[in-house]
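J.: Prediction below, plus the sequence it came from.
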Amino acid sequence: MRPIPILRVLTIAAATVSAGCGSPTSPTPVTSTQARVAGPEPSPAVTSSGFLRIDRAVVVEYQYSFGDAHWYYAPQVRVTETSGTGWLQVTGIDVEIPGLVVSTCVAGEVVAAGKTIELFRETYGDYPIAFRAGAPGQRATGEPRFVVRYQQQDGHSGALTVPAPLTLSGLPDSYTGGVVEAPYCRPR
């Protein structure tokens, strides 16, 4: 099955994937009295293969203030190429959020030797990918995890599996303009 480009909203099983619209008038997130307490930022170097290190892996859990009772889940992954001798390409990320969604995101991001990048970069104050719970009030039922697949410059490929703790937050506090190639996601 070919990846489906996400232009705005794509329904997936019990969840919805939405690409951020990013306008200054976007709704502002609000927390709930039932909200989870935000956990600490995961420690650096969560996991490493010798070529790729996952520096940060979390799923941001948030709601909007305009009366939408749905919860939204935005994956956030920061990676570093660690060999320092060649580039690698992140070929895909499996996103598993218990009780909500299992999805494969095709990234295609190239990480230069020794460089660090965000795989889901904020643009115009919004997340490029967010999964919406299928029913109002529905929440994730466990700790999410990511499987990050990559291929090195020499053709060697590998995968890293990392837990991605839920972090209660809101929309990004930055407002970066420009064009961001959002990964394509599809149900698995």
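T.: Happy to help now that I have it.

J.: Averaged pLDDT, whatever helix or strand residue 103 lives in. What do you get?
T.: Element membership for residue 103, per DSSP states H and E: strand 101-106. Strand 101-106 shows an average pLDDT of 81 in the prediction.

J.: same thing with stretch 130-137?
T.: 88.

J.: which parts of that stretch are buried?
T.: The neighbour-count check on stretch 130-137 (16 or more other CB atoms under 10 Å) flags 130-134 as buried. Glycine gets a C-beta too; all of them are placed from N, C-alpha and C.

J.: same deal with stretch 145-160?
T.: Going by neighbour count (16+ other CB under 10 Å), the buried part of stretch 145-160 is 145-146, 148-152, 160.

J.: how about those, which pair is most distant?
T.: Maximum pairwise distance in those, criterion CB to CB, is 22.9 Å, between 145 and 152.

J.: Can you show me the helices along the protein?
T.: Counting by DSSP state H, the chain has no helices at all.

J.: in it, which segments are predicted with low confidence?
T.: Applying pLDDT under 70 to the chain picks out residues 1-46, 174-188.

J.: those strands in it, which residues are they?
T.: 9-12, 15-18, 47-48, 52-62, 72-81, 88-97, 101-106, 109-111, 116-118, 130-133, 145-152, 157-163, 166-168, 184-187 (DSSP state E).

J.: helices or strands up against the longest one?
T.: Using 3 or more CB pairs under 8 Å, 6 or more residues apart in numbering; DSSP states H and E as the contact definition, the elements that strand 52-62 packs against are strand 47-48, strand 72-81, strand 88-97, strand 145-152, strand 157-163, strand 166-168.

J.: Identify whichever of these lies nearest to residue 120.
T.: Nearest of those to residue 120, taken as CB to CB: strand 72-81 at 5.7 Å.

J.: report the angle between the axes of that closest one and strand 157-163?
T.: The directions of strand 72-81 and strand 157-163 differ by 130 degrees, with axes from the mean of the first three to the mean of the last three CA atoms, to 10 degrees as the criterion.
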